[in-house]
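> here is the input, now give the coordinates:
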Amino acid sequence: MKKSYLLLLLFFCSLSAFSQEYFPKNDGVKTENHTLTAFTNAKIYVTPTQVIENGTLLIQDGKVVRTGTNISIPKNATVVDLTGKSVYPSFIDPYSDFGIAKPKRNSGSWRAAPQYDAQRTGYYWNDHIRPDINPIDKFSFDNKKATDLLKAGFGTVNTHMHDGIVRGNGMLVALNSKADNSV
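Residues are numbered from 1 along each chain as shown. Modelled structure (predicted):
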């Protein structure tokens, strides 16, 4: 009788050796990216007053390693020639409505009227779910607001319509009025 209990205990112990780890690692799929990129022959703005002409910007693992004119480029680096182009640091505004007109409210009574047509066909029952919004259809570049954002240190904005629960697509816009923002 004791042998059968011992055998049963040994069997359950051997099962636990092949079971799943109790605390699984939930980091997701992660790719280790050890890239080395050298941007050469660029006009590099380190600060608003310090500019490096024909400079080299060396980036490793997504971080700036060196900047200057006499930078030795490692053999395994990807070299990108930026002759005639400028590199400058800036912020990215991820939540903006730059260049998109604000939605107009219905005027009239003190009570809020429905903003959308609830009888429209082919859409979700809640008319504030608006995945069909495309910011390019409503976009207009605003030079004055772009200049203000550039002076504040922003170079790029992610703009979208601030209306509804699901608001459709967004759009990444460079604040340079001379740039081609089309994709």
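
> from the chain's centre, how far out does the helix-or-strand element of the chain with minimal mean pLDDT sit?
Sorting the helices and strands of the chain by mean pLDDT, DSSP states H and E puts helix 2-17 at the bottom, at a mean of 75. Put simply, helix 2-17 sits 54 Å off its chain's centre (CA atoms, centre = their mean, to the nearest Å).

> list the strands paired with whichever helix or strand comes after that helix, with their directions.
Next helix or strand after helix 2-17 toward the C-terminus (DSSP states H and E): strand 36-45. Within its sheet, strand 36-45 is paired with strand 51-60 (antiparallel), strand 78-81 (parallel), strand 86-87 (parallel), according to DSSP bridges.

> could you list the domains of this protein?
Annotated domains of the chain cover 34-89, 91-104+113-174 [the TED database].

> dump the ones you listed to a markdown table, plus mean pLDDT and mean neighbour count.
(Glycine included, C-beta is placed from N, CA and C.) Conversion of those to a markdown table gives the following (pLDDT from 0 to 100; neighbours: other CB atoms under 10 Å):
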| stretch | mean pLDDT | mean neighbour count |
| --- | --- | --- |
| domain 34-89 | 90 | 13 |
| domain 91-104+113-174 | 81 | 14 |
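
> now render these as CSV, adding distance to residue 3.
Converted to CSV, the domains of the chain look like this (distance: least, CB to CB, whole Å):
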stretch, distance to residue 3
domain 34-89, 57
domain 91-104+113-174, 65
